[in-house]
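Visitor: Predicted model and sequence below, questions to follow.
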Amino acid sequence: MIIKIKYLLLLSALIVFDIWSQSDVGYLNGVYIYGPTSGKCTAHSSSNDSSRIDKTAHSSTKEVTPYSDPAYKRHYDIRPSIRLNNVKLGFALSKLPNKTINLIPLVDLGVQYNTSLNQLNHRNGMGFLLEARPVKKSYVRIGGLFNLSNAESLNPGNINLTDIGTSQKLWVMPMTRLAYTPNEVFCFQAGYDRNFIGSGRRSLFLSDYGKPMPFGQIRAKFWHMEYSVNYQFLSENFNGQRQSKYITNHHLSWNILPWLNFGVFEAVVFQPKDTLLNRGYDAEYLNPFVFFRPQEYSMGSSDNVVIGASLSATIKRMTIYSQVIIDEFLLSEIRERRGWWANKFGVQLGVKGQMTNKLSYRFEGNLVRPYTFSHLTPMQVYGHRNAPLAHPYGSNFAEVLTEFNWSNNINPKLKLRFFASFGIRGLDTDSLNYGSDIYESYINRANDLGNYIGQGTKQSFFITNTRASYPILREGRIYAFAELQTQYITMDGFKKLNLLPMVGIRSYLWNDYRNY
């Protein structure tokens, strides 16, 4: 059964406007204040680089109550990239006690000097978020950020709208989300935004490093489990024109014990149209309970399916977490250790926690084998708008990172953050695909056997980012910041050290990823 995209969008719109949006608690990068409440799609413990949410009360705080759920009912693995508790931010536009309408200003201003290029880069971003809860159990957030900048490196997660002049480009970052929680089990969401699955700074399932996309989401909480289904509408510039493709993913989070969580993930990438068939949106992939791999085989399709599993354990103030992602593999080839190209998988292992109330830490390792997430054409790659959906390096890399966040007693508002990562990547060379760029077809691979992480042109990197930030407007979580990023790279005997000092003012409402 095949459904055309226009009918699917019409159906989604009717559903959204019928149930009109999500929970009494919205979303923001930051540690949640009250924690999840029963039956709500809530703000989650973040992988963010932002400081903590201000705990100063808002006029509508009475609508949020501290959680009383037992630990086995709390699920933190799937989060929106924007996690905003709307009762804490913005300027109230409604004085009615049962209606919440907040206007939140967005600012993203900064100047950076690139020492290796002797170039001054800038970004000038302004925007807004309008949050409302028009009816009970609903949540609406519309808005976004427009950014005029001369450097793509300062806009890693934004969408390029147009070139303005020789060096200036106009970027946009939409942050729209509608959701509705009819009861203690279900939550329905739709929007143009990003989502994140995992407990790490990076994710091998789905991360918010890439660009926003239209999506629909269903989440259900039952017993000790939370099950989510995401329908994502993506696009690529392929054969000289913008073409659509789709991803459906499932994620099951199971709290086996109050301190132990196990997760299962699967996703399928498929294109609505190829040279032989105009498929539309396959209804088989709308089924929230189908397993994609056997479904793909039964259809005889060339769709790209990835599966994964996660495990995390919380011990006092420390959480140990992990992810495994599998694209393809043959157990016999793994046993023989011949470096077969299609043994495509990745692994993450990390630990995070708090040493004191003022100091938090994270140590994390990630590695992904060559050709993982890649496929025949960009229309089947696990990516969106020429950017990976999982780890920003794509594949053929190994990385170790660490992170510290600290505030002092002398001035508690001043936040200090240190981030460092080092590792190796294997880059393509001489027009041969060594498995680093997931958008290169694996048909053009260099070797069938003898593949390993770091093959091709080996690049070693060491990156640090030290930042100090201070709040200047609580209603928008707007901070002034100063940072120094260093990049030390060695490749083919060539060594390069680049210093990137930067100062600016920005809203700490989304992750500003420039750490890769």
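Guide: Yes, it's here. Numbers count the residues shown, from 1 in each chain.
Visitor: What is the burial count for residue 210?
Guide: The local packing of residue 210 (other Cβ atoms under 10 Å) involves 22 other residues. C-beta here means a position set from N, CA and C on the backbone, and glycine is covered the same way.
Visitor: let me redo that: residue 470
Guide: By other Cβ under 10 Å, 13 other residues sit near residue 470.
Visitor: One more: residue 284?
Guide: One way to gauge burial is a neighbour count; for residue 284, by other Cβ under 10 Å, it gives 18.
Visitor: Retrieve the pLDDT associated with it.
Guide: For residue 284, the pLDDT comes out at 73.
Visitor: where are the low-confidence patches of the chain?
Guide: Within the chain, the segments meeting pLDDT under 70 span 1-88, 163-166, 274-277, 279-283, 290-301, 409-410.
Visitor: what are the ranges of the helices in it?
Guide: Per DSSP state H, the chain carries helices over the ranges 5-19, 292-299, 331-336.
Visitor: got the end-to-end distance for stretch 334-347?
Guide: From the first residue to the last, stretch 334-347 extends over 15 Å; the measure is Cα to Cα, to the nearest Å.
Visitor: For that stretch, which residues meet the burial criterion?
Guide: Along stretch 334-347, the positions that meet the burial threshold by neighbour count (16 or more other Cβ atoms under 10 Å) are 339-346.
Visitor: quick one: contacts of it?
Guide: Under the contact criterion Cβ atoms under 8 Å, 6 or more residues apart in numbering, stretch 334-347 has outside partners 204, 322-330, 333, 366-374, 390-391, 395, 435, 442, 445, 447-452.
Visitor: go again using 6 Å as the cut-off
Guide: Residues external to stretch 334-347 that are found in contact with it (Cβ atoms under 6 Å, 6 or more residues apart in numbering): 204, 324-329, 333, 367-369, 371-372, 445, 448-452.
Visitor: mind checking how far it is from the chain centre?
Guide: 27 Å (Cα atoms, centre = their mean, to the nearest Å).
Visitor: before we move on, what about stretch 492-505?
Guide: From the chain centre to the centre of stretch 492-505 is a distance of 25 Å (Cα atoms, centre = their mean).
Visitor: ok, and what's touching it?
Guide: Counting contacts by Cβ under 6 Å, 6+ apart, the residues touching stretch 492-505 from outside are 107, 109-110, 112-116, 480, 482-489.
Visitor: in it, what counts as buried?
Guide: In stretch 492-505, residues buried by neighbour count (16+ other Cβ under 10 Å) are 500, 502, 504.
Visitor: I'd like to know which of those are part of strands.
Guide: If you go by DSSP state E, the buried residues of stretch 492-505 have 500, 502, 504 in strands.
Visitor: okay if I get those residues as CSV plus distance to residue 245?
Guide: Supplementary listing: these in CSV, determined by distance: Cβ to Cβ, whole Å:
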residue, distance to residue 245
500, 34
502, 35
504, 35
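Visitor: Just give me the closest of the residues you listed to residue 132.
Guide: Of all those, the one sitting nearest residue 132 is residue 504; the distance, using Cβ to Cβ, is 29.5 Å.
Visitor: how close does the closest one sit to residue 445?
Guide: Here the criterion is Cβ to Cβ, to the nearest Å. By it, residue 504 lies 42 Å from residue 445.
Visitor: Count the residues that sit near residue 111.
Guide: 14.
Visitor: beta partners of it?
Guide: residue 122, residue 503 (DSSP bridges).
Visitor: What of residue 170?
Guide: Beta-bridge partners for residue 170, by DSSP bridges, are residue 148, residue 162.
Visitor: what number of residues lie near it?
Guide: When neighbours are defined as other Cβ under 10 Å, residue 170 has 15 of them.
Visitor: tell me how far the ends of stretch 110-126 are from each other?
Guide: Counting by Cα to Cα: the opening and closing residues of stretch 110-126 are 12 Å apart.
Visitor: got a list of contacts for that stretch?
Guide: Contacts to stretch 110-126, defined as Cβ under 6 Å, 6+ apart, come from residues 108-109, 145, 147-151, 154, 498-502, 504.
Visitor: got it, and stretch 438-458?
Guide: For stretch 438-458, contacts defined as Cβ under 6 Å, 6+ apart pick out 338-341, 370-371, 373-374, 376, 378, 381, 383, 388, 394-395, 398, 424, 426-429, 432-434.
Visitor: Please pick the buried ones from these.
Guide: 339-341, 370-371, 373-374, 378, 381, 383, 388, 394-395, 398, 424, 426-428, 433-434.
Visitor: quick one: which of those sit in strands?
Guide: 383, 388, 398, 424, 426-427.
Visitor: and those residues, which two are the farthest apart?
Guide: Between any two of those (Cβ to Cβ), the greatest distance is 21.7 Å, for 383 and 424.
Visitor: re the thing from before, from the contacts of stretch 110-126, pick the one nearest residue 262.
Guide: residue 145 (36.5 Å).
Visitor: gap between residue 459 and residue 428?
Guide: As judged by Cβ to Cβ, residue 459 and residue 428 stand 11 Å apart.
Visitor: Are there residues contacting both of those two? Which ones?
Guide: Where contact means Cβ under 6 Å, 6+ apart, no residue is in contact with each of residue 459 and residue 428.
Visitor: Would you check how far apart the closest residue to residue 516 other than its chain neighbours and residue 335 are?
Guide: The spatial neighbour of residue 516 that comes closest, neighbours along the chain excluded (Cβ to Cβ, 6 or more residues apart in numbering), is residue 392 at 4.8 Å. In this view, residue 392 and residue 335 are 32 Å apart by Cβ to Cβ.
Visitor: What of residue 398?
Guide: In this structure, residue 398 and residue 335 are separated by 22 Å, where distance is defined by Cβ to Cβ.
Visitor: now swap in residue 105 and tell me
Guide: Counting by Cβ to Cβ, the gap between residue 105 and residue 335 amounts to 58 Å.
Visitor: Am I right that residue 487 is in contact with residue 462?
Guide: No - with contact taken as Cβ atoms under 6 Å, residue 487 and residue 462 are classed as non-touching, separated by 7.8 Å.
Visitor: So if I had to pick from the two, which one is more boxed in?
Guide: Of the pair residue 487 and residue 462, residue 487 is the one with more neighbours under other Cβ under 10 Å, namely 18 against 14.
Visitor: With distance to residue 259 added, can I get the buried residues of stretch 334-347 in TSV?
Guide: Formatted as TSV, those follow (distance: Cβ to Cβ, whole Å):
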residue	distance to residue 259
339	38
340	38
341	39
342	37
343	33
344	32
345	27
346	26
